[in-house]
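# Next one to model:
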Amino acid sequence: MKRVAALCLALALRAAPAYGAAGADEFRQGQAAFQAGQFARAAELYQRSLSAQVSEGALLNLGLAEWRCGRAGEALLAWERALDLDPFQSAARENLRFARQTAQLEAPELTWSETASTWLPARAWAGLLSGSLWLAIGLLVFAPLLRLRRSGGLQTLIAVGFGVFLLSLPPQLGILTRARLAVVLAPDTPLRLTPTHAAETVTTLRAGDMVRCARHRGAYVFVSTVQGSGWVESNRMEFLRVPPSARDAAQHGRAAAAVKDGNDR
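Numbering: from 1, shown residues only. From the prediction side, this is the model:
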């Protein structure tokens, strides 16, 4: 395990993102803490750097620190998020495979559209979807206005545009449905028959188990897993998708820091 973690850490550090001043300092401090064996401190610092800018490198390092702290749920969540941001992140994929084998956890069951959505980053699928549609519509609308002859090449471009658009629809649907996936963080989490604390326990979920959320009721969420379906307390798990407000939070943080510096002067 140490050899695998050290290798993946090196891969992440070489791909370290370009943060603002505060994020860069905390990222470097997190590296130093990890290499000094202060894994809890490293995890805290990586979390702070992620509040400045979300990146697969920081998430990969965070997962390594959480794993060394014995927090399997938090580690798998960080690596899943790194893979969600960059599907080509082989280090995160290998760490997930190793961690699930070690903790005897089953990989999540994905639909075919969700599997297709993991082939490219979400932004790439969104770009293909919108770009191909606008290309096809633009050619249809502006070709007559520009008095372009409807040659075989123009017809082919229009067909390719609509074809790419149609092929991009299932992955886009998969991205939306994957937003309902969550990772159990707390060990020995009861899966209950009804959304009450006194309800019968169907089974017990382990930290790192993946669940698919269907609906909320009070402090409980109805989920389905490979072990069965039932109700889980919402504070014992966290959704897979990285919150989209991270960039806004970073911008507000930088703006507040600039105002503070101006007032200090």
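# and N61, how many neighbours does it have?
If you count neighbours by other Cβ atoms under 10 Å, N61 ends up with 29. (Glycine included, C-beta is placed from N, CA and C.)
# typed the wrong thing, it's E56
By other Cβ under 10 Å, the burial measure for E56, its neighbour count, is 25.
# Over to G174?
22.
# just T102 next, same as before
Other residues close to T102 by other Cβ under 10 Å number 13.
# Make sure it is indeed in a strand.
No - counting by DSSP: H, G, I helix; E, B strand; the rest coil, T102 falls outside a strand, being helix.
# A58 versus that one, what's the distance?
Computed as Cβ to Cβ, to the nearest Å, the T102 to A58 distance reads 23 Å.
# How is G70 assigned, secondary-structure-wise?
Per three-state DSSP, G70 ends up coil.
# That one and V211: what is the separation?
21 Å.
# and those two? which has more neighbours close in?
V211 (27 against 12).
# Secondary structure element for that one, which one?
Using DSSP states H and E, V211 sits within strand 210-217.
# That strand pairs with which strands?
strand 181-184 (antiparallel), strand 220-225 (antiparallel) (DSSP bridges).
# What's the mean pLDDT across it?
Averaging pLDDT along strand 210-217 gives 95.
# Same question for that strand: list its buried residues.
M210, V211, R212, C213 (16 or more other Cβ atoms under 10 Å).
# same question, stretch 175-194
175, 178, 180-185, 187, 189-192.
# With stretch 50-70 instead?
For stretch 50-70, the neighbour count (16+ other Cβ under 10 Å) marks 50, 52-68 as buried.
# before we move on, the earlier item: would you mind putting the strands paired with strand 210-217 into TSV with distance to E238 and mean pLDDT alongside?
Formatted as TSV, the strands paired with strand 210-217 follow (distance: least, Cβ to Cβ, whole Å; pLDDT from 0 to 100):
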stretch	distance to E238	mean pLDDT
strand 181-184	6	96
strand 220-225	11	96
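# Go through those and name the closest to F239.
Relative to F239, the nearest member of the strands paired with strand 210-217 by Cβ to Cβ is strand 181-184, separated by 4.7 Å.
# Which element is encountered next along the chain beyond that closest one?
strand 189-192.
# Show me the contact partners of that next one.
199-207, 209, 220, 223, 225, 227-233, 236-237 (Cβ atoms under 8 Å, 6 or more residues apart in numbering).
# residues of the longest helix along the chain that come out buried?
In the chain, taking DSSP state H as the definition, the longest helix is helix 152-178. Residues 157-158, 161-162, 164-165, 168, 170-172, 174-175, 178 are the ones in helix 152-178 that count as buried (16+ other Cβ under 10 Å).
# any idea how far that helix is from the chain center?
24 Å (Cα atoms, centre = their mean, to the nearest Å).
# Since that was my last question, I'll sign off now.
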